[in-house]
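quick one: sequence and predicted model below, then my questions.
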Amino acid sequence: MSTRGVAYAGEVGFALWRRSLLELARVRGGLLPTTIAPVIFLLGSLGQFGRLDQLVGFPTTSYIAWLMPLSCLQGAGFAGGATGANLARDIEAGWFDRLLSSPAPRPLLIVGPVMAAMTRSLVPMTVILIVGLILGPGLTGGAYGLLMLYLAGVLFSVVAALWGITLALRARSQQVGPLIQNGVFIAVFLSTAYTPLPFLKGWLAVAAPYNPVTYVLQMGRQATVSGIEPSWAHTWPGLLALAGMILFFALLALRQLRRIDL
Amino acid sequence: MTDVALERDLAVQGRVILALAQRALRVQLRRAQFLLPSFLLPLLLLAVVASGTSAAQQLPGFPSTGSYVGFVVSGTIMQGTLLAGLMAGIAIAGDIEGGFFDRLLSAPVHRSSIVLGRVLGTAAIGVAQAVLFLAVAFAIGADFTGGAVGILLTILLAALSASAAAGLGAALALRTGSLSLMQNLFPFVFVLLFTAPAFFPRALLSPVLEKISVVNPLSYVVEGMRAALFDLPALGSVPGGFAAGIGSVVLTSSIAVWAMRSRAET
């Protein structure tokens, strides 16, 4: 691609990113559901299952430290998934057809919303982190751990956004919204959501090691879980899992985009 | 027969309630967006909680009920009925925005019949949920020592819980009349769920939650289910569960009827 082409692509991507973010200013409380739900899950799960940290061999003495990265990932995932729901609304309203008939290359039409998802994911993650830090023991993983937690969340929002975009392009209806969010919900919970691998029983003990989100959670938990010390060994499996998921869902989204006829 | 006479005829209103309940059931069972949260999501959480937190049985003070899934399935039923109540509210808000509700209001139908129809339909969904969730729990290892009577009492408590949730959902939908607002209430269902001893015994909840759970009527319903399923009075009180359940149904349905009258007047 020529320098002019790159500049044009950047311009289009930036315009679509800005449009997605402008919605937040226009729709009051637009980020509330994606922020409140994970906070409620954080506090509720802490109240219900908080005594699990008393189990012998649990990697932290504070259960909120275990839950906080889970809720951050959940919030980031919901924020990413909302991108798909918004795209479905744009498709129903006919706005997306106008974009398709523009000279902008089609892949760029999903780059803007994905960038917006990454930006939007910072809001729920930061709110959850503040709540968690007020109630919990603090950041045991220091600056490196915190960076890994944010990186895990932001990249997970990309995965969720691509998943949402794929479904929105396929269904072309806002009714797909719950399916997008439930997909995020399921992916996050079929992992080491509540307890580490050695404590899982039955089918989840078999399934969780094969769920890439397990490794993304491990990457994020370097920030708060004292038993998972910040290290490359706890980072690369998460990065690899995220790269794999992003590649997989990006290919699906692009395939779906190519199938759309004007 | 005049409109007023029709509204006062109990047999007519009974048929209206039944017809509206059947409609509510059809709507909820036909659409995936209603079925998914009411049936699939609670089952998923049951599977995750049962496998992911079963190590809790090693904690001192955790009651012995055989398999862990048997203990937590009451919480799953509670979650399902709460979500069914929310779906009922969403369906009502959809009816309001779609104009069907105005047609109901202009018909010679008693206001309370409209609410009771929805509550009855949701109670039937609560029964279906309880049967399904208990069957799944049984299939994956739960042993309900309370026998058939315990299971029947649990199903009745589930129907009451679903009715109370439907009353609350209807009240909120009638008060706000907004579909998007109702859809955004999804996380708040979990506030009601998590402030009751849904998955852990009350004594093992965090101290703050333990105090809050005392004022949540669902605490007594879920403990009543457990006591019935295992025939263990130490887990809760069955009459207490019924008292809390019936009280909640009366309270939330009354609020919904009041909200209905307010909407009809405006």
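Happy to help now that I have it. Please read these numbers as outputs of a predicted model, since none were measured by experiment.

confirm for me that residue B:229 is in contact with residue B:75.
No. Taking contacts as Cβ atoms under 8 Å, residue B:229 lies outside contact range of residue B:75: 11.9 Å. All C-beta spots, glycine's among them, are computed from the backbone N, C-alpha and C.

the single nearest residue of the stretch 101-250 of chain B relative to chain A - how many residues pack around it?
Taking Cβ to the nearest Cβ, chain A has its nearest neighbour within the stretch 101-250 of chain B at residue B:194, 2.8 Å off. Other residues within reach of residue B:194, judged by other Cβ atoms under 10 Å in any protein chain shown, total 26.

higher neighbour count, residue B:229 and residue B:75?
Taking other Cβ under 10 Å, residue B:229 and residue B:75 do not tie; residue B:229 has more neighbours (29 against 26).

could you check how far residue B:151 is from residue B:262?
40 Å (Cβ to Cβ, to the nearest Å).

the two: who's more crowded?
Using other Cβ under 10 Å, the more surrounded residue of residue B:151 and residue B:262 is residue B:151, with 19 against 11.

low-confidence ranges in the chain?
Looking at chain A here, since you left the chain open. Counting by pLDDT under 70, chain A contains low-confidence ranges at A:1-2, A:4, A:24-31, A:261-262.

oops, wrong one, chain B.
Where chain B drops to pLDDT under 70, the residues are B:1-8, B:32-34.

phi, psi of the most centrally placed residue in it?
By Cα atoms, centre = their mean, chain B has its centre lying nearest to residue B:162, at 2.2 Å. Per-residue torsions, residue B:162: phi -60, psi -40 (degrees, to the nearest 10).

surely it and residue B:84 touch.
Yes. With contact defined as Cβ under 8 Å, residue B:162 counts as touching residue B:84 (5.1 Å).

what's the overlap in contacts for these two?
Common contact partners of residue B:162 and residue B:84 (Cβ atoms under 8 Å, 6 or more residues apart in numbering or on different chains): B:122, B:125-126, B:129.

contact residues of chain A facing chain B?
A:32-33, A:36-37, A:40-41, A:43-52, A:54-55, A:175, A:178-179, A:182, A:185-186, A:189-190, A:192-195, A:199-205 (Cβ under 8 Å from any Cβ of the partner chain).

buried ones among those residues?
Applying 16 or more other Cβ atoms under 10 Å in any protein chain shown to these, the neighbour count classes A:33, A:36-37, A:40-41, A:43-52, A:178-179, A:182, A:185-186, A:189-190, A:192-195, A:199-200, A:202, A:204 as buried.

before we move on, back to that, of the shared contacts of residue B:162 and residue B:84, which is the most crowded?
That'd be residue B:122 among those, by other Cβ under 10 Å, with 33 neighbours.

how about it, secondary structure?
At residue B:122, secondary structure determined by DSSP: H, G, I helix; E, B strand; the rest coil is helix.

contacting residues around it?
B:24, B:28, B:84-85, B:88, B:162-163, B:165-166, B:169.

in TSV, list these along with secondary structure and distance to chain A.
Formatted as TSV, the contacts of residue B:122 follow (DSSP: H, G, I helix; E, B strand; the rest coil; distance: Cβ to the nearest Cβ, whole Å):
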residue	secondary structure	distance to chain A
B:24	helix	19
B:28	helix	14
B:84	helix	15
B:85	helix	17
B:88	helix	16
B:162	helix	20
B:163	helix	24
B:165	helix	17
B:166	helix	19
B:169	helix	16
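
farthest pair in those residues?
Across those, the longest distance by Cβ to Cβ is 14.0 Å; it joins B:28 and B:163.

and these two? which has more neighbours close in?
residue B:163 (30 against 23).

got the contact list for the nearest residue to residue B:59 once chain neighbours are set aside?
Leaving aside its sequence neighbours, residue B:59 sits nearest to residue A:51 (Cβ to Cβ, 6 or more residues apart in numbering or on different chains; 5.6 Å). By Cβ under 8 Å, 6+ apart, the contact set of residue A:51 is A:63, B:56, B:59, B:200, B:204.
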